[in-house]
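A.B. asks: Next one to model:
(2 chains)
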Amino acid sequence: MDFDLKSLHPLEIRLLRHVATNEDITAERISSDLSYNLGQCNQTFSWLSAKSYIEESSRELRTLYEITGTGKEYISAGIPEQRIVDLLKSGGPLKMPDIAGALGLENKDVGSAFGQLSKEGVLKMDSEKRVVVIEGNLPERISILGSLLKRGMEQGLIDESCLSAEELSVIKSNSKKRGASTSPFKIIEREDLVYRLTDNGGKVKKLLLEQGLTGEEVGALTPEMLSSGSWKGKDFREYNINTPPNRVLLGRRNPYSQYLQWVKDKLSSLGFEEFDGPLVETEFWNGDALFMPQFHSARDIHDVYYLKNAASAKEIEQPWLDQVAETHENGWKTGSRGWGYEFDRDFTRRQVLRSQGTVLSAKQLHKAKIPGKYFGVARCFRYDQVDATHGADFYQTEGIVLGEDVNLRTLLGLLKMFAEEIAGAEEVRYVPGYFPFTEPSIEVHIKHPVLGWFELGGSGIFRPEVTEAMGIDVPVLAWGLGIDRMALMHLGLNDLRELFTPNIENVRLRRSK
Amino acid sequence: MPKIEVNREKFYGLIGKNYTNDQLEALLPCAKAELDGVDEAEGLLKIELNDTNRPDLWSTSGLARQLRVYKGGVRPEYSFFSNSGNSLDSGERVVKVDPGIKATRPYMAAFAITGKAINDSTLKDLIQTQEKLCWNYGRKRKSIAMGIYRSDLIKYPVLYSAADPDTTKFIPLGMDREMTLREIIRDHPKGQEFGHIVAKDDKFPFITDSAGSVLSFSPVINSSEIGAVEVGDENLFIELTGTDLPSLILTASIVACDLADDGFTILPVRVEYSYDTSLGRSITTPFYFQKDISVDVNYARKLLGSDLSAEEMTAALERMGIKPSLKGSEISIEVPEYRNDFLHSVDIIEDIMMGRGMDSFDPVMPSDSTVGRISPEEEFARKAKDILIGLGFQEMIYNYLGSRKDYIDKMNITGDELIQIVNPMTENYEFVRGSIIPSMLNSEAISANAVYPHSIFEIGKVAYLDSDDISGTVTRNSLGFMSADRNEGYNQVSSSVSALFYYLNRDYELKEMDDPRFIKGRSARVIYMGRAVGVFGEVSPGVLENWGIQMPATCCEIDLDLLMEE
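C.D. replies: Below is the predicted model of the structure:
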């Protein structure tokens, strides 16, 4: 069996070193031998019992006497009987109330002292109801009480077993069990426990002696020890390094936001510049500029949130409005035949909560650098029931690449790069997809080491109706990544709502992989 | 995205070949479709269609046609189409469109089928196609609705008109008594579902035959007699009404081609309008209205990043069921009768890509070199986050939508600046947050069990009304932090503000304020470069009580966009 000496407190070490097998270990002994106070004794016994290094061998009831405040007054002013006799001796016979008045005693106390002393033949009452001294010597009990009081002052507690029969009789008649402040002594009953070293206790003691651990080793190192150099030549108490540490409440990032930051940094490192935009957008940028016909079913009221106040923007910037409107109507100069309907210029000013990150791409087009790469991590809003896979609002990660270099094969290359760099994919599969604003459109499915096959994102080349209406005549690749599933996996969660939890403790305890 | 169920036996019968589920899964991308599930017991395949511009794929016959031709099958020829130069003979099958309907639901397309009895799987398919087309493509019947009738009971010509909703009555399907059109939209289940499409009009679309028998109250419900089609019926009349002529005619063409593939004979119907349409006053449907479209081979090569020959491109298009012809460097295509998704030459290029298959295009890395960077706002936010973390705050991320109760009532504010949603899903998500403070107090309210002290922050967006902006709103990057603890108070939050501004290298002044969210005299407005950029202080006990918070708390909120300025 291994004994963990490092978990022993110095009080335990000193006790174990001090006692031998088969010796009684009592609080009285330890406090007198090792100068532990009673609290330290009891604490040390309890620690050592819990470790089974000592065990209880017997327990006995002891009666102790403690001097009270009244007792202390007796010492300073004298015992009342003594004072009464002294007063009468020097001042002659007196009536009882006069005695009480002269000595500052209660009438009843004077009465009971007289009763006792007259029985013992020391005092008597004369015909004028005055108290008279008959016998000059006081009974022995008074002197015994005097010496007991003195002992009580010196020792604190007087053990009944240390008293003679006479002393016991005197102290009993001058004590009460509790609350009796009028008695000079208080009775304290105590269960006295006796311990013995166990076999393990003996072995630990042996180990302590062998290793020279005394319990006198230095605990905390203090600035004073350093400045005085008193630490030199001292041993330091060794700690149990496996003691559970206390909890620390620290300032820290939210792991989800940290993951989004990681994605942003990753995209920046791949040559993408970040863009951002407002939460409120017009139908123009949210859909029309992306060549989604105004009668597209995704435009119906149940898919986006409309605003009660600020329902419409004051105007849409030109020349984009005219160019987009004409592109919808007849294709404008984009080579398209358009959707062939009359573009609604009131509808286009209607405002919605941004429903797709592609808005940012649409708005970036006319101010973009060529060649250029852009990304945004955009909070979007969809009219959906909130559940484990749909949040009231959520992040979309999207972007564009502009340049003569853009074509289907570079699009596949970009998706492959995302799959490997951002998702750590092992295999990549491309599938024709559909988005209203790209043609051709590709979905990328990846085999993730943990999640298996899933759709990482969508991509495509913006339709010329989108780019040319914004004055861009190079191909533009648009892409979007569904990183929520990876974020959940990264955080060990399976409910999208958890990403935005307001619960402080959940966030504090959350870790990422 | 529409999902359809197809009868496996019929489906593979139409394709002419059986596939395992795995083989089918590998083939479906040529139709932008995915196998969503298999019901082995019923022999049903569940398939999801991803292309909203290819409604021809949303049926058993249509999807089978795409796969069959893709795998080398012959593209069917359809001889029942009229076009602008040639109207086929419709015999007695004529529909007359009354001028009264022009303002509300002006268009109709129709045809009849014959040749064999309808069986259970055809009827199921027909109902499914009707549902998918009218729901997804027809915007829940708003722009397209379809009706199927027993043509043996119809006395031509059919009349499409606008009827008075209160005096016109008939027995609708599913009922055993006459109801007025008004009663139908109020009491009939279909009326309750679709009545809103017509409810605001004075007169409702109504279809009868020349004998006055009712076909239907379009787009809501058929009549219980002519409009009750059953398995075993041999001759059917199919009509579609709607608001957009090309999509209506296309839908009729799709249904007709599907039924032709299924072995029915399609009989044309002439629709005579009493007003002009983009295709004239008399249109015999099914009608081919699509125009040829072409693509330059070099443009296709550039966009595909591939040096395919013109012949390889035309071969790819043929696999997609398209008839191409090559003139010089131009490939011109005849658009299939059941498609209308070629708006631009890029649409042909995608079909070339799909006809070739994705495996024939190797990924290459884009070679343009560009400089990447995060936005200045993100950079500034990260600086602020570092400082707050050093101050011991835990970062949070919150949703941006909330309730009136949380954003306004509990905060003791009027909320005049808040952006309200006109069509909220529930009252829990009715407002856009204009401040981070309610988000943080909500955290505190539900976190009383978490060990104190609580110190949290968020950097995120807030938005509110602002009449100076062209949109009437502004979105801001905002920083909020909150502490709650037994001894939390003004001095602590003031120290945090001071440390934050010091390390962001910004000077600030404080002004006293009277803000119902905070205790007066223990809260301050933060002034930076002469402008108010934020507030902080001890949260008012009234506000804490509203939230059920029993711990003193301080909050601070700073507009980072204003603070960024130098």
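
A.B. asks: just checking, residue B:82 touches residue B:284?
C.D. replies: Yes. With contacts counted by CB atoms under 8 Å, residue B:82 reaches residue B:284, the gap being 4.0 Å. The way it works is simple: take the backbone N, C-alpha and C, and place the C-beta from them, glycine included.

A.B. asks: anything in contact with each of those two?
C.D. replies: Contact criterion CB atoms under 8 Å, 6 or more residues apart in numbering or on different chains; residues shared by residue B:82 and residue B:284: B:88, B:268.

A.B. asks: and the two? which has more neighbours close in?
C.D. replies: residue B:284 (24 against 19; other CB atoms under 10 Å in any protein chain shown).

A.B. asks: Let me see the contact set for the more buried one.
C.D. replies: Residue B:284 makes contact with B:82, B:87, B:88, B:90, B:268, B:269, B:270, B:271 under the criterion CB under 8 Å, 6+ apart.

A.B. asks: now with 7 Å?
C.D. replies: B:82, B:87, B:88, B:90, B:268, B:270 (CB atoms under 7 Å, 6 or more residues apart in numbering or on different chains).

A.B. asks: in terms of contact, does the fifth one touch residue B:81 like I think?
C.D. replies: No. Residue B:268 lies out of contact with residue B:81 (CB atoms under 7 Å); the separation is 8.4 Å.

A.B. asks: Please enumerate the shared neighbours of the two.
C.D. replies: Listed as contacting both residue B:268 and residue B:81 by CB under 7 Å, 6+ apart are residue B:286.

A.B. asks: related to what we said a few turns ago, now, of the contacts of residue B:284, which are buried?
C.D. replies: Buried members of the contacts of residue B:284, counted by 16 or more other CB atoms under 10 Å in any protein chain shown: B:82, B:87, B:88, B:90, B:268, B:270.

A.B. asks: average pLDDT for the helix or strand harbouring residue B:127?
C.D. replies: Assigned by DSSP states H and E, residue B:127 belongs to helix B:120-132. Per-region confidence: helix B:120-132 scores 89 on mean pLDDT.

A.B. asks: Give me the residues contacting that helix.
C.D. replies: Contacts of helix B:120-132 from elsewhere in the structure, counted by CB under 7 Å, 6+ apart, are B:2, B:4-5, B:7, B:10, B:58-60, B:146, B:148, B:231, B:255, B:258, B:262.

A.B. asks: which SS class is residue B:246?
C.D. replies: Here residue B:246 takes the helix state, with states given by DSSP: H, G, I helix; E, B strand; the rest coil.

A.B. asks: same thing with residue A:124?
C.D. replies: strand.

A.B. asks: before we move on, what about residue B:425?
C.D. replies: coil.

A.B. asks: show me what contacts it?
C.D. replies: By CB under 7 Å, 6+ apart, the residues touching residue B:425 are A:383, A:385.

A.B. asks: Apply 6 Å and report the result again.
C.D. replies: Contacts for residue B:425 were tallied using CB atoms under 6 Å, 6 or more residues apart in numbering or on different chains; there are none.

A.B. asks: What separation is there between it and residue B:435?
C.D. replies: Taking CB to CB, to the nearest Å as the criterion, residue B:425 is separated from residue B:435 by 22 Å.

A.B. asks: Next: residue B:228.
C.D. replies: Counting by CB to CB, the gap between residue B:228 and residue B:435 amounts to 60 Å.

A.B. asks: what sits opposite the residue lying closest to residue B:493 once chain neighbours are set aside in the beta ladder?
C.D. replies: Closest residue to residue B:493 apart from its sequence neighbours, by CB to CB, 6 or more residues apart in numbering or on different chains: residue B:554 at 3.8 Å. On the basis of DSSP bridges, residue B:554 takes part in beta bridges with residue B:483, residue B:538.

A.B. asks: where does chain A dip in pLDDT?
C.D. replies: A:1, A:178-181, A:297-298, A:300-302 (pLDDT under 70).

A.B. asks: again, only using 80
C.D. replies: Across chain A, the ranges flagged by pLDDT under 80 are A:1-2, A:91, A:135-137, A:156, A:177-182, A:190, A:296-302, A:389, A:451, A:513.

A.B. asks: Let me see the domain layout of the chain.
C.D. replies: Unless you meant another one, I'm taking chain A. Per the record, chain A has its domains at A:5-61+A:190-211, A:67-185, A:257-509, by automatic domain parsing.

A.B. asks: that's the wrong chain, I meant chain B
C.D. replies: Recorded structural domains for chain B (assignment: automatic domain parsing) are B:3-70, B:94-285, B:293-358, B:376-564.

A.B. asks: Name the residues of the worst-scoring helix or strand of chain B on mean pLDDT that come out as buried.
C.D. replies: The weakest-scoring helix or strand in chain B, judged by mean pLDDT, DSSP states H and E, is helix B:120-132 (a mean of 89). Taking 16+ other CB under 10 Å as the neighbour-count basis, helix B:120-132 is seen to contain the buried residues B:121, B:122, B:123, B:124, B:125, B:126, B:128, B:129, B:130, B:131, B:132.
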